[in-house]
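Participant: no letters, just coordinates:
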């Protein structure tokens, strides 16, 4: 899947996050609304370890699938947020409290939204058609 679009990468990242037990996963389409990126992937995880696991899994799976790495990683699991910046899409993983504080969905209220389907089963992300 070389030369994958930003949209397909954002959706794939959301599916990986969902598979890694992220909660309330959503992709915001910011094309035409923001000049700095095309998509936000937003997810919630209750623990520091889970937030780190999700970002690590997204980074690994996107690299394996399309050969892309984030240009910047930011945040601190203990502070309640992590971010992986791929330029045309950005993955945010928040604690519930930080997600409520930053309210990105409200800030970008005009953005179209896409929600990944719940994982079908324990091995779903290892099949060729899934994350």
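Facilitator: That came through, no problem. Computed from a prediction, not measured in an experiment: that's the story for all the values here. Numbering: from 1, shown residues only.
Participant: who does the helix-or-strand element of the chain with minimal mean pLDDT pair with, and is each partner parallel or antiparallel?
Facilitator: None of the helices or strands of the chain scores lower by mean pLDDT, DSSP states H and E than strand 72-76, at a mean of 92. Sheet partners assigned to strand 72-76 using DSSP bridges are listed as strand 81-85 (antiparallel).
Participant: ok, residues contacting the partner strand?
Facilitator: Residues outside strand 81-85 that contact it (CB atoms under 8 Å, 6 or more residues apart in numbering): 37, 51-52, 54-55, 58-59, 70-76, 90-95, 98, 102. Any C-beta I mention is one placed from the backbone N, CA and C, and that applies to glycine too.
Participant: what about that strand, average pLDDT?
Facilitator: Strand 81-85 shows a mean pLDDT of 97.
Participant: repeat for stretch 26-45
Facilitator: Stretch 26-45 comes out at a mean pLDDT of 97.
Participant: again with stretch 52-65
Facilitator: Confidence for stretch 52-65, expressed as mean pLDDT, is 97.
Participant: which residues are in contact with that stretch?
Facilitator: Taking CB under 8 Å, 6+ apart as the rule, stretch 52-65 contacts 1, 4, 9, 12-13, 16-17, 19-22, 41, 43, 45, 68-70, 73, 77, 82, 84, 86, 91, 93, 125, 131.
Participant: in strands, which of the contacts of strand 81-85 appear?
Facilitator: 72-76, 90-94 (DSSP state E).
Participant: now do the helices in this structure.
Facilitator: Applying DSSP state H to the chain gives helices spanning 6-19, 48-66, 96-102, 104-107.
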